[in-house]
Structure formats: structure tokens, C-alpha cells
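Visitor: need a 3D model of the sequence below.
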Amino acid sequence: MAIPMVAGTKPAIVTLKKDETVYWCSCGRSQKQPFCDGSHADTEFEPVVFTAPKDDDYYFCTCKRSGTPPFCDGAHKRLLEDD
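Guide: Numbers count the residues shown, from 1 in each chain. Coordinates of the predicted model:
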């Protein structure tokens, strides 16, 4: 199983409108974090589709280690502990 690249160490806070659909980068290679730009093309990773159920701010994971993708669950806080 491939390990995604760490793109950041804090969540990306994104305001979305109800029914807006985004594609979260799961590989960590995208230059448009936290969203997919197609950089996963030669990997086993696929973007995660998310459609906002309501107008709100959403906290997207950028470390790519979340247990609840595409959302931040604090996994970035453990990155240094795991090294």
C-alpha cells in the first residue's frame, strides 16, 4: 500500500455552499491543496468526492493521514511522533 505525501500540517478551512462538489486530493501531490489537480495519475490514489450538505466551513485534511478523509481528525499532530 502506497503512503501519500504530506502536503501540510494544518487543516485547510474551505467555505462551501450547499450542494457544491469538490474532489479532495488523497495523494498529497496536488499543487491545488486540499483539492485534486490530477497529479495522482501515475499512482494508486484517487480523489475523494465530497458534496457539501449545507453552507458551512469545512476542515479538509492536508497531511493525508486522516482516519476520516477528506476531513481533518488531528492526525497531523502525530506526524512527528511517528517518525
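Visitor: which residues in the protein form strands?
Guide: 12-16, 21-24, 48-51, 56-60 (DSSP state E).
Visitor: in TSV, list those along with distance to residue 39 and mean pLDDT.
Guide: Glycine gets a C-beta too; all of them are placed from N, C-alpha and C. Listed next are the strands of the chain as TSV, based on distance: least, Cβ to Cβ, whole Å; pLDDT from 0 to 100:
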stretch	distance to residue 39	mean pLDDT
strand 12-16	16	98
strand 21-24	12	98
strand 48-51	14	98
strand 56-60	16	98
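Visitor: residue 67: which of the ones you listed is closest?
Guide: strand 48-51 (13.0 Å; Cβ to Cβ).
Visitor: so what touches the closest one?
Guide: Here strand 48-51 makes contact (Cβ atoms under 8 Å, 6 or more residues apart in numbering) with 19, 20, 21, 22, 23, 24, 26, 58, 69, 70.
Visitor: thanks again, I'm all set now.
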